[in-house]
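[1] Quick one: sequence plus predicted model below, questions after.
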Amino acid sequence: MTPEWSSSPPELLLAVDRTSGRPLHAQLQHGLRDAIRTGRLQVGERLPSSRELARALGVSRGLVQECYAQLQAEGYLATRPGFATRVAAGAAEPP
């Protein structure tokens, strides 16, 4: 069964390193920003649900939701209740 989110499995979109000393939320945010900026995640592409990404990475769902909310505030993601989180239009454009 193919997942309904991004064509890449969530663990390939980003990784977390619990030994780095860098907070997990910062690692998630950086990993997703990088995936968007480099084109690994395209404009309009669906991201995994917060539940699915949390399960795949072994982190809390709240941590993923916090990360998604921050990236939405920065203009990288577009979210609406009841709909998939997607890469926002213009997110990959340089500032």
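    The structure has been received and is ready for your questions.

[2] can you give me the helices in this structure?
    For the chain, the helices defined by DSSP state H occupy 10-13, 24-37, 50-57, 61-73.

[3] can these go into JSON lines with extra columns for mean pLDDT?
    As requested, the helices of the chain are arranged in JSON lines below (pLDDT from 0 to 100):
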{"stretch": "helix 10-13", "mean pLDDT": "54"}
{"stretch": "helix 24-37", "mean pLDDT": "93"}
{"stretch": "helix 50-57", "mean pLDDT": "91"}
{"stretch": "helix 61-73", "mean pLDDT": "96"}
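
[4] Turn those helices into JSON lines, including mean neighbour count.
    Where you see a C-beta, it was placed from the backbone N, CA and C, and this is true even at glycine. Putting those into JSON lines (neighbours: other CB atoms under 10 Å) gives the following:
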{"stretch": "helix 10-13", "mean neighbour count": "17"}
{"stretch": "helix 24-37", "mean neighbour count": "18"}
{"stretch": "helix 50-57", "mean neighbour count": "18"}
{"stretch": "helix 61-73", "mean neighbour count": "17"}
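
[5] which residues touch the spatially most central residue of the chain?
    Among the residues of the chain, the one closest to the centroid is Leu32, at 4.6 Å (CA atoms, centre = their mean). Going by CB atoms under 8 Å, 6 or more residues apart in numbering, Leu32 touches 13-14, 41, 47, 67, 71, 76-77.

[6] how about a cut-off of 6 Å?
    Leu71 (CB atoms under 6 Å, 6 or more residues apart in numbering).

[7] hang on, the earlier thing: could you export the helices of the chain as TSV, including distance to Arg86?
    As requested, the helices of the chain are arranged in TSV below (distance: least, CB to CB, whole Å):
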stretch	distance to Arg86
helix 10-13	14
helix 24-37	11
helix 50-57	13
helix 61-73	10
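
[8] and Ala89, which of these is closest to it?
    helix 24-37 (11.5 Å; CB to CB).

[9] any idea of the angle the closest one forms with helix 50-57?
    In terms of direction (axes from the mean of the first three to the mean of the last three CA atoms, to 10 degrees), helix 24-37 departs from helix 50-57 by 100 degrees.
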